[in-house]
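# Sharing a sequence plus its predicted fold:
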2 protein chains.
Amino acid sequence: MANSPPRAAAPAALPAEPTQASRFGKARTAQSGALLEDYVELIADLLADGGEARPTDIARRLGVTHATAIKTIGRLKREGLAVAKPYRGVFLTEAGEKLALRVRARHRVVVDLLLAVGVPMESAESDAEGIEHHVSDVTLAAFARFLGRT
Amino acid sequence: MANSPPRAAAPAALPAEPTQASRFGKARTAQSGALLEDYVELIADLLADGGEARPTDIARRLGVTHATAIKTIGRLKREGLAVAKPYRGVFLTEAGEKLALRVRARHRVVVDLLLAVGVPMESAESDAEGIEHHVSDVTLAAFARFLGRT
DNA sequence: CGGCAAGTGTAGCTTTGGCTACAAGATATA
DNA sequence: TATATCTTGTAGCCAAAGCTACACTTGCCG
(Lines give C-alpha, C1' and ligand atoms only; values in the text may rest on other atoms or scores of the structure.)
Protein backbone atom coordinates (compact mmCIF):
# COMPACT_ATOMS: atom_id res chain seq x y z
CA MET A 1 0.00 0.00 0.00
CA ALA A 2 1.13 3.47 -0.71
CA ASN A 3 4.19 3.75 -2.83
CA SER A 4 5.70 7.10 -2.06
CA PRO A 5 8.06 8.13 -4.87
CA PRO A 6 6.26 7.16 -8.10
CA ARG A 7 2.75 8.20 -7.18
CA ALA A 8 1.96 11.62 -8.65
CA ALA A 9 -1.63 11.10 -9.82
CA ALA A 10 -1.72 9.68 -13.34
CA PRO A 11 0.38 10.62 -16.36
CA ALA A 12 -2.06 13.37 -17.32
CA ALA A 13 -1.83 14.36 -21.00
CA LEU A 14 -5.10 12.67 -21.88
CA PRO A 15 -8.22 14.81 -21.45
CA ALA A 16 -9.98 12.00 -19.63
CA GLU A 17 -10.75 12.44 -15.93
CA PRO A 18 -7.62 13.50 -14.09
CA THR A 19 -9.80 15.11 -11.46
CA GLN A 20 -11.42 11.97 -10.20
CA ALA A 21 -8.16 10.07 -10.36
CA SER A 22 -6.37 12.54 -8.15
CA ARG A 23 -9.31 12.51 -5.76
CA PHE A 24 -9.06 8.78 -5.31
CA GLY A 25 -5.33 8.95 -5.10
CA LYS A 26 -5.55 11.53 -2.38
CA ALA A 27 -8.00 9.49 -0.37
CA ARG A 28 -5.68 6.55 -0.66
CA THR A 29 -2.46 8.28 0.37
CA ALA A 30 -4.26 10.06 3.20
CA GLN A 31 -5.05 6.66 4.58
CA SER A 32 -1.32 5.94 4.62
CA GLY A 33 -0.51 8.59 7.18
CA ALA A 34 -3.57 7.74 9.23
CA LEU A 35 -1.94 4.99 11.21
CA LEU A 36 1.05 7.11 12.13
CA GLU A 37 -1.33 9.83 13.27
CA ASP A 38 -3.17 7.40 15.49
CA TYR A 39 0.04 6.25 17.07
CA VAL A 40 1.35 9.73 17.65
CA GLU A 41 -1.88 10.90 19.18
CA LEU A 42 -2.08 7.91 21.46
CA ILE A 43 1.51 8.22 22.57
CA ALA A 44 0.92 11.86 23.40
CA ASP A 45 -2.10 10.86 25.47
CA LEU A 46 -0.24 8.17 27.37
CA LEU A 47 2.68 10.44 27.99
CA ALA A 48 0.39 13.21 29.15
CA ASP A 49 -1.61 11.38 31.74
CA GLY A 50 0.35 8.24 32.51
CA GLY A 51 3.85 9.60 32.30
CA GLU A 52 5.06 6.81 30.05
CA ALA A 53 4.15 5.14 26.78
CA ARG A 54 5.02 1.48 26.70
CA PRO A 55 4.67 -0.61 23.55
CA THR A 56 2.34 -3.04 25.27
CA ASP A 57 0.00 -0.26 26.38
CA ILE A 58 -0.01 1.18 22.91
CA ALA A 59 -0.74 -2.22 21.45
CA ARG A 60 -3.59 -2.86 23.83
CA ARG A 61 -5.18 0.50 23.21
CA LEU A 62 -5.00 0.04 19.48
CA GLY A 63 -6.17 -3.53 19.54
CA VAL A 64 -3.09 -5.05 17.93
CA THR A 65 -0.35 -7.32 19.21
CA HIS A 66 2.74 -5.83 20.76
CA ALA A 67 4.81 -7.10 17.86
CA THR A 68 2.80 -5.03 15.44
CA ALA A 69 3.02 -2.00 17.67
CA ILE A 70 6.77 -2.31 17.97
CA LYS A 71 7.15 -2.59 14.25
CA THR A 72 5.11 0.54 13.69
CA ILE A 73 7.01 2.39 16.39
CA GLY A 74 10.06 1.58 14.33
CA ARG A 75 8.45 3.32 11.42
CA LEU A 76 7.63 6.28 13.61
CA LYS A 77 11.30 6.50 14.47
CA ARG A 78 12.34 6.24 10.86
CA GLU A 79 10.00 9.09 10.02
CA GLY A 80 11.41 11.23 12.78
CA LEU A 81 8.23 11.39 14.83
CA ALA A 82 9.34 9.42 17.85
CA VAL A 83 12.40 8.23 19.71
CA ALA A 84 12.78 5.10 21.79
CA LYS A 85 15.68 3.27 23.34
CA PRO A 86 15.27 -0.46 23.94
CA TYR A 87 13.22 -1.30 27.02
CA ARG A 88 12.88 2.37 27.78
CA GLY A 89 9.51 3.49 26.48
CA VAL A 90 8.56 5.73 23.58
CA PHE A 91 8.76 9.50 23.37
CA LEU A 92 7.79 12.02 20.73
CA THR A 93 10.17 14.27 18.89
CA GLU A 94 9.27 17.89 18.42
CA ALA A 95 7.76 17.04 15.05
CA GLY A 96 5.81 14.27 16.69
CA GLU A 97 4.38 16.55 19.35
CA LYS A 98 3.41 19.13 16.80
CA LEU A 99 1.63 16.49 14.79
CA ALA A 100 -0.10 15.18 17.91
CA LEU A 101 -1.42 18.64 18.66
CA ARG A 102 -2.82 19.09 15.19
CA VAL A 103 -4.37 15.67 15.17
CA ARG A 104 -5.98 16.13 18.53
CA ALA A 105 -7.45 19.49 17.59
CA ARG A 106 -8.82 18.08 14.38
CA HIS A 107 -10.31 15.12 16.16
CA ARG A 108 -12.17 17.40 18.53
CA VAL A 109 -13.59 19.50 15.72
CA VAL A 110 -14.75 16.46 13.80
CA VAL A 111 -16.46 14.93 16.81
CA ASP A 112 -18.12 18.22 17.67
CA LEU A 113 -19.35 18.65 14.16
CA LEU A 114 -20.84 15.20 14.10
CA LEU A 115 -22.59 15.90 17.39
CA ALA A 116 -23.79 19.24 16.06
CA VAL A 117 -25.56 17.64 13.12
CA GLY A 118 -27.24 15.14 15.38
CA VAL A 119 -25.00 12.09 15.42
CA PRO A 120 -25.23 10.31 18.77
CA MET A 121 -22.20 10.47 21.02
CA GLU A 122 -21.20 6.85 20.63
CA SER A 123 -21.21 6.90 16.84
CA ALA A 124 -19.60 10.31 16.69
CA GLU A 125 -16.59 9.16 18.66
CA SER A 126 -16.39 5.91 16.78
CA ASP A 127 -16.76 7.25 13.26
CA ALA A 128 -14.57 10.28 13.89
CA GLU A 129 -11.65 7.93 14.36
CA GLY A 130 -11.86 6.98 10.72
CA ILE A 131 -13.22 10.19 9.27
CA GLU A 132 -10.70 12.62 10.71
CA HIS A 133 -7.89 11.34 8.57
CA HIS A 134 -9.71 12.39 5.44
CA VAL A 135 -10.68 15.88 6.49
CA SER A 136 -8.68 18.45 4.55
CA ASP A 137 -7.69 21.81 5.96
CA VAL A 138 -10.34 23.55 3.94
CA THR A 139 -13.04 21.24 5.21
CA LEU A 140 -11.75 21.50 8.74
CA ALA A 141 -11.96 25.27 8.55
CA ALA A 142 -15.52 25.01 7.29
CA PHE A 143 -16.37 22.74 10.21
CA ALA A 144 -14.93 25.23 12.69
CA ARG A 145 -16.85 28.04 11.06
CA PHE A 146 -20.05 26.06 11.24
CA LEU A 147 -19.46 25.41 14.92
CA GLY A 148 -19.08 29.11 15.51
CA ARG A 149 -15.38 28.89 16.21
CA THR A 150 -14.04 31.36 13.75
CA MET B 1 -2.98 -5.48 5.88
CA ALA B 2 -6.22 -6.41 7.50
CA ASN B 3 -6.32 -9.96 8.65
CA SER B 4 -9.90 -11.11 8.47
CA PRO B 5 -10.36 -14.21 10.61
CA PRO B 6 -8.38 -13.56 13.79
CA ARG B 7 -9.30 -9.92 14.28
CA ALA B 8 -12.02 -9.65 16.87
CA ALA B 9 -10.81 -6.64 18.88
CA ALA B 10 -8.37 -7.74 21.58
CA PRO B 11 -8.58 -10.72 23.92
CA ALA B 12 -10.74 -8.74 26.35
CA ALA B 13 -10.55 -10.03 29.94
CA LEU B 14 -8.47 -7.09 31.12
CA PRO B 15 -10.48 -4.08 32.29
CA ALA B 16 -8.27 -1.73 30.30
CA GLU B 17 -9.76 0.15 27.35
CA PRO B 18 -11.57 -2.29 25.11
CA THR B 19 -13.72 0.56 23.86
CA GLN B 20 -10.96 2.52 22.23
CA ALA B 21 -9.36 -0.60 20.85
CA SER B 22 -12.49 -1.70 19.07
CA ARG B 23 -12.94 1.82 17.74
CA PHE B 24 -9.54 1.79 16.14
CA GLY B 25 -10.04 -1.71 14.93
CA LYS B 26 -13.26 -0.77 13.27
CA ALA B 27 -11.74 2.23 11.55
CA ARG B 28 -9.02 -0.01 10.24
CA THR B 29 -11.18 -2.82 8.91
CA ALA B 30 -13.56 -0.32 7.36
CA GLN B 31 -10.66 0.87 5.28
CA SER B 32 -10.29 -2.66 3.96
CA GLY B 33 -13.62 -2.71 2.18
CA ALA B 34 -13.19 0.85 0.98
CA LEU B 35 -11.25 -0.04 -2.12
CA LEU B 36 -13.75 -2.63 -3.23
CA GLU B 37 -16.51 -0.11 -2.73
CA ASP B 38 -14.70 2.40 -4.92
CA TYR B 39 -14.30 -0.15 -7.66
CA VAL B 40 -17.88 -1.30 -7.52
CA GLU B 41 -19.21 2.22 -7.61
CA LEU B 42 -17.00 3.17 -10.51
CA ILE B 43 -17.89 0.09 -12.49
CA ALA B 44 -21.56 0.84 -11.97
CA ASP B 45 -20.99 4.36 -13.24
CA LEU B 46 -19.12 3.25 -16.32
CA LEU B 47 -21.67 0.60 -17.09
CA ALA B 48 -24.49 3.08 -16.62
CA ASP B 49 -23.37 5.83 -18.92
CA GLY B 50 -20.74 4.27 -21.15
CA GLY B 51 -22.24 0.84 -21.59
CA GLU B 52 -19.00 -0.93 -20.75
CA ALA B 53 -16.39 -1.04 -18.00
CA ARG B 54 -12.93 -1.81 -19.32
CA PRO B 55 -10.00 -2.44 -16.98
CA THR B 56 -8.02 0.35 -18.58
CA ASP B 57 -10.80 2.88 -18.03
CA ILE B 58 -11.17 1.79 -14.46
CA ALA B 59 -7.45 2.10 -13.93
CA ARG B 60 -7.33 5.57 -15.45
CA ARG B 61 -10.24 6.83 -13.41
CA LEU B 62 -8.73 5.51 -10.19
CA GLY B 63 -5.26 6.75 -10.98
CA VAL B 64 -3.57 3.36 -10.86
CA THR B 65 -1.95 1.20 -13.51
CA HIS B 66 -4.02 -1.30 -15.41
CA ALA B 67 -2.12 -4.14 -13.77
CA THR B 68 -3.26 -2.99 -10.36
CA ALA B 69 -6.82 -2.60 -11.57
CA ILE B 70 -6.88 -6.08 -13.04
CA LYS B 71 -5.55 -7.57 -9.86
CA THR B 72 -8.22 -5.87 -7.82
CA ILE B 73 -10.91 -6.88 -10.29
CA GLY B 74 -9.76 -10.40 -9.58
CA ARG B 75 -10.44 -9.83 -5.94
CA LEU B 76 -13.86 -8.42 -6.79
CA LYS B 77 -14.57 -11.67 -8.59
CA ARG B 78 -13.34 -13.76 -5.71
CA GLU B 79 -15.67 -11.86 -3.40
CA GLY B 80 -18.62 -12.41 -5.69
CA LEU B 81 -19.14 -8.76 -6.54
CA ALA B 82 -18.20 -8.83 -10.19
CA VAL B 83 -17.82 -11.14 -13.16
CA ALA B 84 -15.49 -10.76 -16.11
CA LYS B 85 -14.41 -12.97 -18.95
CA PRO B 86 -11.02 -12.30 -20.51
CA TYR B 87 -11.03 -9.38 -22.96
CA ARG B 88 -14.74 -8.91 -22.43
CA GLY B 89 -15.12 -6.16 -19.84
CA VAL B 90 -16.32 -6.22 -16.28
CA PHE B 91 -19.87 -6.58 -15.00
CA LEU B 92 -21.42 -6.54 -11.57
CA THR B 93 -23.19 -9.42 -9.94
CA GLU B 94 -26.43 -8.78 -8.15
CA ALA B 95 -24.54 -8.38 -4.91
CA GLY B 96 -22.24 -5.94 -6.65
CA GLU B 97 -25.08 -3.84 -7.93
CA LYS B 98 -26.73 -3.75 -4.57
CA LEU B 99 -23.50 -2.61 -3.01
CA ALA B 100 -23.04 0.02 -5.71
CA LEU B 101 -26.46 1.42 -4.98
CA ARG B 102 -25.80 1.69 -1.28
CA VAL B 103 -22.41 3.24 -1.82
CA ARG B 104 -23.72 5.77 -4.28
CA ALA B 105 -26.53 6.82 -1.99
CA ARG B 106 -24.17 7.20 0.91
CA HIS B 107 -21.76 9.22 -1.16
CA ARG B 108 -24.50 11.65 -2.12
CA VAL B 109 -25.58 12.13 1.47
CA VAL B 110 -22.04 12.73 2.65
CA VAL B 111 -21.32 15.28 -0.05
CA ASP B 112 -24.59 17.04 0.62
CA LEU B 113 -23.91 17.18 4.31
CA LEU B 114 -20.49 18.67 3.75
CA LEU B 115 -21.99 21.27 1.47
CA ALA B 116 -24.71 21.97 4.01
CA VAL B 117 -22.22 22.82 6.72
CA GLY B 118 -20.36 25.15 4.41
CA VAL B 119 -17.61 23.08 2.84
CA PRO B 120 -16.86 24.32 -0.68
CA MET B 121 -17.88 22.08 -3.56
CA GLU B 122 -14.37 21.08 -4.56
CA SER B 123 -13.32 19.98 -1.08
CA ALA B 124 -16.65 18.35 -0.40
CA GLU B 125 -16.32 16.06 -3.40
CA SER B 126 -12.69 15.36 -2.70
CA ASP B 127 -12.94 14.67 1.02
CA ALA B 128 -16.16 12.71 0.70
CA GLU B 129 -14.26 10.11 -1.27
CA GLY B 130 -12.29 9.26 1.82
CA ILE B 131 -14.85 10.05 4.49
CA GLU B 132 -17.74 8.03 3.16
CA HIS B 133 -16.11 4.72 3.92
CA HIS B 134 -16.08 5.51 7.62
CA VAL B 135 -19.65 6.67 7.96
CA SER B 136 -21.69 4.13 9.92
CA ASP B 137 -25.37 3.55 9.35
CA VAL B 138 -26.27 5.46 12.46
CA THR B 139 -24.23 8.44 11.40
CA LEU B 140 -25.59 8.26 7.90
CA ALA B 141 -29.13 8.32 9.24
CA ALA B 142 -28.27 11.36 11.32
CA PHE B 143 -26.89 13.09 8.24
CA ALA B 144 -30.06 12.37 6.30
CA ARG B 145 -32.16 13.70 9.15
CA PHE B 146 -30.09 16.84 9.32
CA LEU B 147 -30.57 17.37 5.62
CA GLY B 148 -34.30 17.10 6.06
CA ARG B 149 -34.57 13.79 4.29
CA THR B 150 -36.30 11.73 6.89
C1' DC C 1 20.60 -13.98 45.32
C1' DG C 2 17.45 -16.72 42.44
C1' DG C 3 13.63 -17.17 39.94
C1' DC C 4 9.63 -16.02 37.43
C1' DA C 5 6.17 -13.07 35.28
C1' DA C 6 5.62 -9.25 32.48
C1' DG C 7 7.29 -6.62 28.97
C1' DT C 8 10.38 -6.21 24.70
C1' DG C 9 12.32 -7.41 20.73
C1' DT C 10 13.23 -10.44 16.48
C1' DA C 11 12.09 -13.59 12.79
C1' DG C 12 9.25 -15.23 9.51
C1' DC C 13 4.76 -15.70 7.25
C1' DT C 14 0.43 -13.60 5.00
C1' DT C 15 -2.51 -10.30 2.46
C1' DT C 16 -3.23 -6.09 0.23
C1' DG C 17 -2.30 -2.75 -3.03
C1' DG C 18 1.08 -0.53 -5.49
C1' DC C 19 4.64 -0.75 -9.55
C1' DT C 20 7.39 -2.23 -13.91
C1' DA C 21 8.26 -5.24 -17.60
C1' DC C 22 7.00 -8.37 -20.78
C1' DA C 23 3.81 -11.29 -23.54
C1' DA C 24 -0.31 -11.97 -25.96
C1' DG C 25 -4.99 -10.88 -27.84
C1' DA C 26 -8.02 -7.40 -30.40
C1' DT C 27 -8.65 -3.58 -33.51
C1' DA C 28 -7.91 -0.39 -36.72
C1' DT C 29 -5.61 1.32 -40.67
C1' DA C 30 -2.69 1.52 -44.53
C1' DT D 1 -3.57 -8.83 -45.79
C1' DA D 2 -0.17 -6.98 -42.94
C1' DT D 3 1.23 -3.97 -39.71
C1' DA D 4 0.85 -0.91 -36.03
C1' DT D 5 -1.49 0.46 -31.85
C1' DC D 6 -4.24 -0.24 -27.96
C1' DT D 7 -5.89 -3.17 -24.46
C1' DT D 8 -5.37 -7.27 -21.51
C1' DG D 9 -3.23 -10.31 -18.94
C1' DT D 10 0.83 -12.41 -16.26
C1' DA D 11 4.89 -12.46 -13.47
C1' DG D 12 7.74 -10.70 -10.17
C1' DC D 13 9.14 -7.12 -6.92
C1' DC D 14 8.24 -3.91 -2.91
C1' DA D 15 6.42 -1.88 1.51
C1' DA D 16 2.91 -1.75 5.01
C1' DA D 17 0.36 -3.82 8.58
C1' DG D 18 -1.19 -7.75 10.59
C1' DC D 19 -0.16 -12.32 13.05
C1' DT D 20 2.34 -16.28 15.80
C1' DA D 21 6.27 -18.19 17.90
C1' DC D 22 10.38 -17.80 20.12
C1' DA D 23 14.15 -15.40 22.65
C1' DC D 24 15.85 -12.06 25.73
C1' DT D 25 15.58 -8.13 29.46
C1' DT D 26 13.72 -6.11 33.50
C1' DG D 27 12.09 -5.85 37.78
C1' DC D 28 10.01 -7.55 41.60
C1' DC D 29 9.49 -10.83 45.36
C1' DG D 30 10.57 -14.41 48.18
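Structure's in. What do you need? Numbers count the residues shown, from 1 in each chain, chains lettered A, B, ... in the order given.
# drop to CA atoms for contacts and neighbour counts, all remaining ones
OK.
# and A:Arg54, backbone torsions?
phi -100, psi 140 (degrees, to the nearest 10).
# what's near enough to touch A:Phe24?
B:Leu62, B:Gly63, B:Ser126, B:Glu129, B:Gly130 (Cα atoms under 8 Å, 6 or more residues apart in numbering or on different chains).
# Kindly provide the distance from the residue in chain A positioned nearest to DNA strand C to B:Leu115.
Of the residues in chain A, the one nearest DNA strand C is A:Pro86, at a distance of 3.0 Å by Cα to the nearest atom of the strand. As judged by Cα to Cα, to the nearest Å, A:Pro86 and B:Leu115 stand 49 Å apart.
# same check, this time on A:Val135
For A:Val135, the distance to B:Leu115 - Cα to Cα - is 13 Å.
# I'd like to know how many residues surround A:Ala144.
By other Cα atoms under 10 Å in any protein chain shown, the residues close to A:Ala144 number 18.
# Please render the contacts of A:Phe24 as TSV that adds pLDDT and distance to B:Ala27 to the earlier fields.
Output for these, formatted as TSV (pLDDT from 0 to 100; distance: Cα to Cα, whole Å):
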residue	pLDDT	distance to B:Ala27
B:Leu62	95	22
B:Gly63	95	24
B:Ser126	93	19
B:Glu129	93	15
B:Gly130	94	12
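# among those residues, who's most crowded?
That'd be B:Gly130 among the contacts of A:Phe24, by other Cα under 10 Å, with 29 neighbours.
# residue boundaries of the helices in chain A?
Ranges of helices in chain A, per DSSP state H, are A:18-50, A:55-62, A:66-78, A:94-116, A:121-131, A:137-146.
# what's near enough to touch the residue nearest to the spatial centre of chain A?
The centre of chain A sits closest to A:Glu37, judged by Cα atoms, centre = their mean, with a distance of 2.9 Å. For A:Glu37, the contact set (Cα under 8 Å, 6+ apart) comprises A:Leu99, A:Ala100, A:Val103.
# can you tell me which of these lies nearest to chain B?
A:Val103 (14.8 Å; Cα to the nearest Cα).
# thought that closest one was touching A:Leu42?
No: look at A:Val103 against A:Leu42 with Cα atoms under 8 Å: they stay out of range, at 10.3 Å.
# All set now, cheers.
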